[in-house]
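>>> sequence? don't have it. structure:
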């Protein structure tokens with residue numbers, strides 16, 4: 001009798017362990033993965049029946065943008081130069097640039113050619129060139145170097161340059177090899193081969209929001225995507241003990257599955273309610289994010305910190321302002337000089353604005369940027385600022401100055 005009790009306890013412990021692991025896995029799964037996994041479970045288990053449901057539909061989007069897209073950036077410049085039909089043609093040209101920023105359409109009308117030439121003077125230098133050679137020449141024109149040796153070599157001896165035929169180039173332009181190599185290093189090697197490199201290329205992808213905030217007359221309505229779309233059935237009418245044990249085992253596993261799915265929905269519901277309390281103005285599009293610490297969420301939900309991480313990972317939130325990864329509300333934050341929390345996202349944006357507005361002939365050092373941020377009420381260490389700058393791929397002051405000189 002005692003031996004049976006031990007074996008039974010061990011069996012129950014194994015089942016419990018599997019169910020707990022399943023629960024943690026369900027918490028972390030993105031919606032499409034969870035849907036596919038559930039379909040597989042329903043196909044395997046004869047006691048599960050599918051219920052009619054609306055198919056899961058993704059929303060075309062990209063991750064929260066860190067800066068304007070290339071299209072937005074160029075169209076803002078186009079709106080200052082064109083109107084009406086010309087602006088429409090400019091829109092078509094900008095919309096048809098390839099990934100690197102080249103415009104490869106040929107047989108242009110006279111008006112299209114005129115508009116293209118204006119766009120080629122936009123920032124970033126070299127944009128809308130029809131090939132790499134033209135891209136390099138445009139950059140030199142913007143630098144007022146049309147009469148330079150570099151311009152002549154690229155325009156008249158481009159093929160020789162590509163194949164590094166230094167002796168032939170020297171003979172053509174009557175210069176020494178050392179002088180030619182100096183020009184290549186100083187004036188040509190600094191030119192970009194990819195005018196769109198400053199823009200992060202983000203292909204459109206489908207995301208599936210777990211949490212949705214929908215506008216109503218009296219406020220916002222919180223909705224959580226339901227994933228339980230099955231019911232328990234028993235097609236067997238068997239009365240022997242062995243079969244009954246097998247049926248009982250399968251039914252219990254389904255009950256655990258239901259419990260784990262409801263737990264997932266419960267935690268997401270609670271997270272949604274916390275977002276409404278802490279970030280209502282952001283959700284409405286009227287204010288910056290107020291960061292929430294994951295440890296606070298763990299405490300409020302009464303769960304371990306690692307479980308809280310699972311709750312927010314791979315999830316998206318749909319708001320009237322747009323669709324965002326849930327994790328952006330939980331970015332690590334810093335304190336303002338007044339002791340208020342400030343999200344890293346806001347610090348990143350302020351850092352980019354400061355660098356953009358700096359004197360290009362005398363770029364700001366990291367310490368000077370720190371002082372400017374502190375003047376805005378953002379308390380940050382120089383080492384942290386350097387780490388953030390590098391994360392945003394902003395060169396050091398020395399490198400920014402060298403780039404502007406070139």
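Perfect, I can see it now. Quick caveat, the model's predicted, so the values are computed rather than measured.
>>> could you chop the protein up by domain?
Domains of the chain are assigned by automatic domain parsing as 2-60+205-330, 70-188, 333-405.
>>> reformat the ones you listed as CSV; add mean neighbour count and distance to residue 199.
All C-beta spots, glycine's among them, are computed from the backbone N, C-alpha and C. Rendered in CSV, the data for these read as follows (neighbours: other CB atoms under 10 Å; distance: least, CB to CB, whole Å):
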stretch, mean neighbour count, distance to residue 199
domain 2-60+205-330, 15, 17
domain 70-188, 16, 4
domain 333-405, 15, 12
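>>> okay, those in a markdown table with mean pLDDT and distance to residue 195 next?
Converted to a markdown table, these look like this (pLDDT from 0 to 100; distance: least, CB to CB, whole Å):
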| stretch | mean pLDDT | distance to residue 195 |
| --- | --- | --- |
| domain 2-60+205-330 | 80 | 24 |
| domain 70-188 | 90 | 4 |
| domain 333-405 | 80 | 15 |
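>>> how about the strands in this structure?
Remark: strands of the chain, listed N- to C-terminal, are 48-50, 59-61, 205-207, 211-216, 219-224, 230-232, 316-319, 322-325, 333-335, 341-343; assignment by DSSP state E.
>>> and of these, who's closest to residue 385?
With CB to CB, the closest approach to residue 385 among the strands of the chain belongs to strand 333-335: 10.7 Å.
>>> need the strands of the chain in TSV with distance to residue 377, can you?
Written out in TSV, the entries for these read as follows (distance: least, CB to CB, whole Å):
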stretch	distance to residue 377
strand 48-50	55
strand 59-61	32
strand 205-207	34
strand 211-216	29
strand 219-224	29
strand 230-232	53
strand 316-319	27
strand 322-325	25
strand 333-335	10
strand 341-343	8
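>>> out of these, which comes closest to residue 268?
In terms of CB to CB, the element of those nearest to residue 268 is strand 219-224, at 5.0 Å.
>>> just checking, what packs against that closest one?
strand 211-216, helix 241-283 (3 or more CB pairs under 8 Å, 6 or more residues apart in numbering; DSSP states H and E).
>>> got the angle for the longest one vs strand 211-216?
Same thing as helix 241-283. Compare the direction of helix 241-283 with that of strand 211-216 by axes from the mean of the first three to the mean of the last three CA atoms, to 10 degrees and you get 50 degrees.
>>> does helix 241-283 pack against any helices or strands, and if so which?
helix 2-28, strand 211-216, strand 219-224, strand 230-232, helix 294-301, helix 305-312, strand 316-319.
>>> list the neighbouring strands of the second one plus their orientation.
Pairing partners of strand 211-216, with direction, according to DSSP bridges: strand 219-224 (antiparallel), strand 316-319 (parallel).
>>> how about the closest residue in space to residue 250 that isn't next to it in sequence, what does it touch?
With sequence-adjacent residues excluded and distances taken as CB to CB, 6 or more residues apart in numbering, residue 250 is closest to residue 47, at 5.1 Å. Residue 47 makes contacts with 232, 233, 234, 235, 247, 250, 251, 254, as judged by CB atoms under 8 Å, 6 or more residues apart in numbering.
>>> which one of those residues is nearest to residue 82?
Top of the list for closeness to residue 82, among the contacts of residue 47 and by CB to CB, is residue 254 at 63.3 Å.
>>> tell me how far the residue nearest to residue 121 when sequence neighbours are not counted lies from residue 194.
Distances taken as CB to CB, 6+ apart put residue 142 closest to residue 121, at 7.1 Å, once the chain neighbours are dropped. Taking CB to CB, to the nearest Å as the criterion, residue 142 is separated from residue 194 by 16 Å.
>>> residue 138 too?
Summarising the geometry, the distance separating residue 138 from residue 194, computed by CB to CB, is 13 Å.
>>> which residue ranges form the helices in the stretch 101-250 of the chain?
Per DSSP state H, counting those that start in this stretch, the stretch 101-250 of the chain carries helices over the ranges 110-119, 132-142, 149-156, 158-162, 166-173, 177-183, 241-283.
>>> now render those as a markdown table, adding distance to residue 401.
Shown next, in a markdown table, are those (distance: least, CB to CB, whole Å):
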| stretch | distance to residue 401 |
| --- | --- |
| helix 110-119 | 29 |
| helix 132-142 | 18 |
| helix 149-156 | 21 |
| helix 158-162 | 28 |
| helix 166-173 | 30 |
| helix 177-183 | 20 |
| helix 241-283 | 37 |
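>>> tell me which of those sits nearest to residue 77.
Here helix 110-119 is closest among the helices of the stretch 101-250 of the chain (CB to CB), at 8.1 Å.
>>> now the closest one and helix 132-142, what's the angle there?
With the same axes, to 10 degrees defining the directions, helix 110-119 sits at 60 degrees from helix 132-142.
>>> tell me which other helices or strands helix 110-119 touches.
Packed against helix 110-119 by the contact rule (3+ CB pairs under 8 Å, 6+ apart) you find helix 70-81, helix 84-95.
>>> what's opposite residue 221 in the beta bridge?
Beta bridges link residue 221 to residue 214 when assigned by DSSP bridges.
>>> any idea how far residue 310 is from residue 21?
12 Å.
>>> ah, wrong one, I meant residue 27
For residue 27, the distance to residue 310 under the criterion CB to CB works out to 4 Å.
>>> please apply the same query to residue 298.
On the measure of CB to CB, residue 298 and residue 310 end up 11 Å apart.
>>> good, we can wrap up now.
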